[in-house]
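In: fold the following and give me the result.
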Amino acid sequence: MSDVPHRGHVQEGARAAGLVASELLARADRDFAFVLRVTGESQTILVEHFVGFIERELGGRDIVYGAHPLLRPFVETHARELADFVLHGLSLDHQFGLQAIETFSGDPLRLLRVDLWDSLQSHIAYAERGFVSGVGGLQRILTQIESAPSETKDGP
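Out: Okay, here's the model as predicted:
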């Protein structure tokens, strides 16, 4: 069995891949999107912000860690969910083509920072408002749990 036809198929495949890549790149200014991802310490800062925010909101309603054993996991889970909401919703308000990205320098980069700040601030505030609007439900659930007779209190 000769490997010559195999090389031919590989070369045809490489040419076809190159043609498709060229077609896609020709449309880059219109069809390509660049994804922004927040990593590292910034994620931790955002989660810690929401932990503190949730603790203050709950504390203002007399919901504190000592009285509720499952409260810490609740706070940590919701802080991560709020941070994920912000990070997944984060975007730039401007669509830039590939050529514009390639030629950025100086002041346009500052515009990106302003857009990111606006988007971050808006999403954080929205997440906080969403949490506050639902915290009354948590308060009702905790009150029901505390007031419900349990088998351990009353005996079997």
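In: I figured E55 hits V75, correct?
Out: Yes - counting by Cβ atoms under 8 Å, E55 touches V75, with 6.2 Å between them. Placement of C-beta: from N, CA and C, glycine included.
In: more neighbours: these two, which one.
Out: Neighbours were counted for E55 and for V75 using other Cβ atoms under 10 Å; V75 has more, 21 against 17.
In: got the contact list for that one?
Out: Taking Cβ atoms under 8 Å, 6 or more residues apart in numbering, we find V75 in contact with V51, I54, E55, L58.
In: kindly recompute the last result at 6 Å.
Out: By Cβ atoms under 6 Å, 6 or more residues apart in numbering, the contact set of V75 is V51, I54.
In: low-confidence stretches in this structure?
Out: For the chain, the stretches flagged by pLDDT under 70 are 1-10, 34, 91-112, 145-146, 148-156.
In: which residues of the chain fall in strands?
Out: Counting by DSSP state E, the chain forms no strands at all.
In: longest helix anywhere in it?
Out: In the chain, taking DSSP state H as the definition, the longest helix is helix 107-147.
In: packing partners for that one?
Out: Judged by 3 or more Cβ pairs under 6 Å, 6 or more residues apart in numbering; DSSP states H and E, helix 107-147 is in contact with helix 71-89.
In: report the angle between the helix it packs on and helix 107-147.
Out: 150 degrees (axes from the mean of the first three to the mean of the last three Cα atoms, to 10 degrees).
In: buried residues, helix 71-89. List them.
Out: Neighbour-count burial for helix 71-89 flags L71, V75, H78, A79, L82, A83, F85, V86, L87 (criterion: 16 or more other Cβ atoms under 10 Å).
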